[in-house]
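> next input, structure requested:
(2 chains)
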Amino acid sequence: MIAEIGHYALVLALGIALIQSVLPIWGVRTRDDALMAVAGPAALAQALFVAVSFAALTWCYVVSDFSVVNVFENSHSAKPLVYRITGVWGNHEGSMLLWVLILALFGALVGLFGRNLPRTLRANVLAAQSWIAAAFYLFILVTSNPFLRIAEAPLEGRDLNPLLQDIGLAVHPPLLYLGYVGFSISFSFAVAALIDGRIDAAWARWVRPWTLAAWMFLTLGIAMGSYWAYYELGWGGWWFWDPVENASLMPWLAGTALLHSAVVMEKRNALKVWTVLLAILTFSLSLLGTFLVRSGVLTSVHSFATDPTRGVFILMILVLFIGGALALYAWRAPMLKQGGLFAPISREGALVFNNLFLTTACATVFIGTLYPLALESLTAEKISVGAPFFNLTFGPLFAILLLAVPFGPLLAWKRGDLVGVAQRLLAAFAGALVAAAAVVAAQGGGPVLAPFAIGLAVFVMIGALVDLAERTALFRVPLAAAVARARGLPRAAYGTAVAHFSLGLVLLGIVGETQWNTERIVSLKPGATVSLAGYEVAFDGMVPRQGPNYRELAARFTVRRDGVVLGELAPSKRTFTARGTSTSEAALLTRGFSQVYVSLGDPNADGSIAVRLYHKPLVLLIWIGSVVMVLGGALSLSDRRLRVGAPKPARPKAGLQPAE
Amino acid sequence: MTLWLVFALMTAAAIFVVLWPLGRRAGARPGGSDLAVYRDQLDEIARDRAGGLIGEAEAEAARVEVSRRLLAAADAAAEHAPAPGGTVRRRAAAVMAFIVVPAVGVAFYASFGAPHLPDMPRAARQAPALANQSIDGLVAQVEAHLARKPEDGRGWEVLAPVYLRLGRLEEAVKARQNALRLLGSTPDREASLGEAITAAQNGVVTEQARAAFARALAREPKHDVARYYMGLAAEQEGKREEAARIWRGLVAEAQANSPWALFLRQALARVDPSGAAAMSEPSGPSAEDVAAAALLKPEDRDAMVRGMVERLAERLKNDGSDVDGWVRLVRAHLVLGEREKAQAAAGAARRALEGDAEKVRRLDEAVKGLGLEG
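I've put the predicted structure just below:
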């Protein structure tokens, strides 16, 4: 009965979504408040019904009801409870249900907290949100129904892919979906603005926090996915330029651009048309990611299901929404009023620069990801576009962008003074030079790129601190006054500084990992010792262990430095009986921001075992930096003040330009 | 019945959600406007100025800009006043909710739903599985137990004969080996292992099986099962006299008229027809009795063998290179009394193995050995 209730709740959500996608728009057209007011309660009810549906499926997983095909195919009664729950979204059907749950949740939040939105805007937004929801409910019910049943239920399930039986599955997909789907709100707002033919102040006030929230979740989701791949796949890599990773990076880049252009919109009422376009593109890229992962176009850990009908269905959704939104944009965007004016050298100008580079970077990733796929489907020729392509295109673009990052926040709104800003950044330049020189001295030869990259990272970090120092007038006014100013500084300003600072952290981690990484692949017998970047790693022997639904063979290693024992590592190979598959569990030893990484290969006939050892200096900074970046976002989000970009008053001669 | 009641309530709730806002008075509906946002912005500028975050000149410029927007918004707001009337429209919307929600519900749920199926949580299904004596269920339980505690030798010992009966022969061998390793060697366990290996090798007593029987006999020279298989090994090697000698000894020791004695006599008849006839009893049990004794329920066994045969045939259809599999299939058809099917399978095997002379030779030999014309 529970499974059937869940199923019926999902069907009802579709019914409500259909009503919600028509009545509010009709209300806006006829200026009928009652019809517009249907949107709010309907959005809440949708979320409620989808939540019931999701809870029902989760219950089926928890009690191992194998009469539900989806549970039978992806669960096992011996799995620990936490993996039975995370298994709900560890498969195509269940993850789509999580996807629409989050979509409906965001809709409900607009319904709940959007009371101070203008009525027409709220009605349009919720109607647009409901179109997306209806399309996806339909997709789930028709092609990926998680509630289909088997009359003769098997006694045991087929278990979940062992690679997914990890705490990472509890964290990575929900965060990522919150990010992907969160951008649907910006999309709906953009569509609503286009339908209305006008963008009002409330629009800008609303879009930025939603975008920021979605961006934070996406950032965390990508970072956690990267860390998961790093420790679970056993190759010590944290980013592979794999199409699926790119599919998440593209909305991130577009979303980051959107975030910055939304600032201009909110504060200066400029860049409206461009912001609307970015909002559409960002969610379109999220949808594209969904299509790539689920259509069977790609094969990777992420592609659970390769069913052509699903691919075609998602492609139709994609064409409908992206095509529809862009057509609407082409038709209505010229009607939007142009906003405030600004000079090329100004905060707005800097943000346009940021947008240009981010979207270009996004375009290179787009080409690098889709060109091989398109070529393969058209000519059956397989080419591989890998790290070299992205390093050569994406790398320089981002380097220039990072170089510009410290300048942006220091420029004044409307018209700025580049030379003045450069003077204020002298400390950052000096710090960067010192850091680069120190690296050259320390590594004596070594990777050529490292000193430049480290210098850039230090420049970005000090630049962020300089921004704060300037705002509090530190060193210019007495300390007490500076502290008082620091207290009065809006949290958004701290958010900007923290997020920009974290870019430097991430860059440090990337440089450390890629330039100074040490790797050894050896075949070891018990008792043998390997030296790795100053550490001695001794192989003590193998121990068999029994897990809840697997058996594992763990290898014990002792890590020493100069004879001092630093810790024990026990990487293992797990064999899962239900699927007859095995996974390799890497073991990590953390020292500061660096890690020693050991993972097992195959055992040899002579009793030795293949072992991969890595020393990864500063690698943790990649993820710590990402988390700090999200903290910056949170600081900015917590600042609920209204934002007004106070411009410098115009001087007589001013080379102003229109905004778009 | 409860389920339909719940569905009805859910549908009613969904319709109500749409009807409720349609019926409310106009004043009750919340909604903000641009004017409020701009007024808040002006307050904000004043606060920032007071806090010293922006200079007087900047504050003034911002105030001017926001005020300009405020005036424009006030003009626009007048155009967007709600339209009066619309009762017909609202009724139409209400009717739409009444039709669309149940229609979508029925249409989709009727195509995909399974309202007649009860929940089947695993915990609730353990007890009935035991009560019904469903072999698959019991095996699954023991397997689950052994997956958790692979060092439980008794579990393996219980499971092994069941595997044998289900035709999961390789697994039967593994279970026997595990039991032997974990519980220690006894003549019975060694002999059972040998028996399982022999079964898995299509009835051929291999070197490995023979070693197991030899270990059993070393500990207990009078072990019946081990001696029987040693006889079978002798027969397969063509030493018919030795086989006859061993089996004759067994028959002499066996309880007269027992299924075991009859079984032995049949074996003996293959290698020594005259000797077997001399030892036979006129009122011996029928061959059916033997089968019934060896395997508890004949219809169960047949159903099981048929299932196994179908799986095997299916597998061979996909991968026809497994000569042992083909032989097993031909044998199975013969055991089930399906001679034509056995011949058809042999023909299919020959087609599948075409081009591999060595395998065809092995197949022909085996088929001949089964008494089927090649």
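> give the residue spans of chain B that score low on pLDDT.
B:25-34, B:51-53, B:76-85, B:126-135, B:137, B:274-305, B:373-374 (pLDDT under 70).
> so how far is residue A:32 from residue A:119?
10 Å (C-beta to C-beta, to the nearest Å). (C-beta placed from N, C-alpha, C; glycine too.)
> actually residue B:368, not the one I wrote
From residue B:368 to residue A:32 the distance is 90 Å (C-beta to C-beta).
> who has more neighbours, the two?
Applying other C-beta atoms under 10 Å in any protein chain shown to residue B:368 and residue A:32 shows that residue A:32 carries more neighbours, namely 25 against 11.
> so that one sits right up against residue B:88, yeah?
No: here residue A:32 does not reach residue B:88: they are 10.8 Å apart, not a contact under C-beta atoms under 8 Å.
> helices of the stretch 551-660 of chain A, start to end?
Under the criterion DSSP state H, counting those that start in this stretch, the stretch 551-660 of chain A carries helices at the ranges A:620-638.
> quick one: low-confidence ranges for it?
In the stretch 551-660 of chain A, residues with pLDDT under 70: A:640-660.
> mind naming the longest helix for chain B?
Ordering each helix of chain B by length in residues (DSSP state H) puts helix B:87-112 first.
> which other helices and strands does that one contact?
On a contact count with 3 or more C-beta pairs under 8 Å, 6 or more residues apart in numbering or on different chains; DSSP states H and E, helix B:87-112 meets helix A:2-30, helix A:33-37, helix B:2-23.
> and the gap between residue A:344 and residue B:61?
19 Å.
> between those two, who's got more neighbours?
Comparing residue A:344 with residue B:61 by other C-beta under 10 Å, the one with more neighbours is residue B:61, at 20 against 15.
> isn't there a helix covering that one?
Yes: remark: residue B:61 belongs to a helix, assigned using DSSP: H, G, I helix; E, B strand; the rest coil.
> do you know how far it is from residue B:68?
11 Å.
> same thing with residue A:446?
59 Å.
> also residue B:3?
Between residue B:3 and residue B:68 the distance is 62 Å, computed by C-beta to C-beta.
> pick out whichever of these two has more residues nearby.
residue B:3 (16 against 13).
> was I right to think the more buried one contacts residue A:1?
Yes: the criterion here is C-beta under 8 Å, and residue B:3 meets it with residue A:1 at 5.2 Å.
> just the closest residue of the stretch 151-300 of chain B to chain A, please.
Nearest residue of the stretch 151-300 of chain B to chain A (C-beta to the nearest C-beta) works out as residue B:151 at 8.8 Å.
> the residue lying closest to that residue once chain neighbours are set aside is in what secondary structure piece?
Of all residues not flanking residue B:151 in the chain, residue B:182 sits nearest, at 6.2 Å (C-beta to C-beta, 6 or more residues apart in numbering or on different chains). Element membership for residue B:182 (DSSP states H and E) is helix B:169-183.
> now for the very next helix or strand once past that helix, which elements pack on it?
Sequence order places helix B:187-200 as the next helix or strand after helix B:169-183, per DSSP H and E. Where contact means 3+ C-beta pairs under 8 Å, 6+ apart, helix B:187-200 is packed against helix B:153-166, helix B:169-183, helix B:207-219, helix B:224-236.
> give the buried residues for the first one.
What it means is helix B:153-166. Across helix B:153-166, burial judged by 16 or more other C-beta atoms under 10 Å in any protein chain shown covers B:153, B:155-160, B:162-166.
> quick one: it near chain A?
No: applying C-beta under 8 Å from any C-beta of the partner chain, one finds helix B:153-166 separated from chain A by no less than 14.0 Å.
> can you give the contact residues for that helix?
B:135, B:138-139, B:142-143, B:145-146, B:149, B:169, B:171-172, B:175-176, B:178-179, B:181-183, B:189, B:192, B:195-196, B:199, B:295, B:301, B:304, B:308 (C-beta atoms under 8 Å, 6 or more residues apart in numbering or on different chains).
> chain center to that helix, what's the gap?
Relative to the centre of its chain, helix B:153-166 is centred 18 Å away, using C-alpha atoms, centre = their mean, to the nearest Å.
> ditto for the third one
For helix B:207-219, the distance from its own C-alpha centre to the chain's C-alpha centre is 35 Å (C-alpha atoms, centre = their mean).
> buried residues in it?
Buried, per 16+ other C-beta under 10 Å, within helix B:207-219: B:209-210, B:212-213, B:215-217.
> coming back round to it: can I get the helices and strands packed on helix B:87-112 in CSV including distance to residue A:224?
As requested, the helices and strands packed on helix B:87-112 are exported to CSV (distance: least, C-beta to C-beta, whole Å):
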stretch, distance to residue A:224
helix A:2-30, 28
helix A:33-37, 39
helix B:2-23, 36
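> so which of those helices is nearest residue B:96?
Proximity to residue B:96 (C-beta to C-beta) singles out helix A:2-30 among the helices and strands packed on helix B:87-112, at 6.8 Å.
> now the angle from that closest one to helix B:87-112?
150 degrees (axes from the mean of the first three to the mean of the last three C-alpha atoms, to 10 degrees).
> now helix A:2-30: buried residues?
A:2-28.
> ok, now stretch A:391-400?
Quick answer for stretch A:391-400 (16+ other C-beta under 10 Å): A:393-394, A:397-398.
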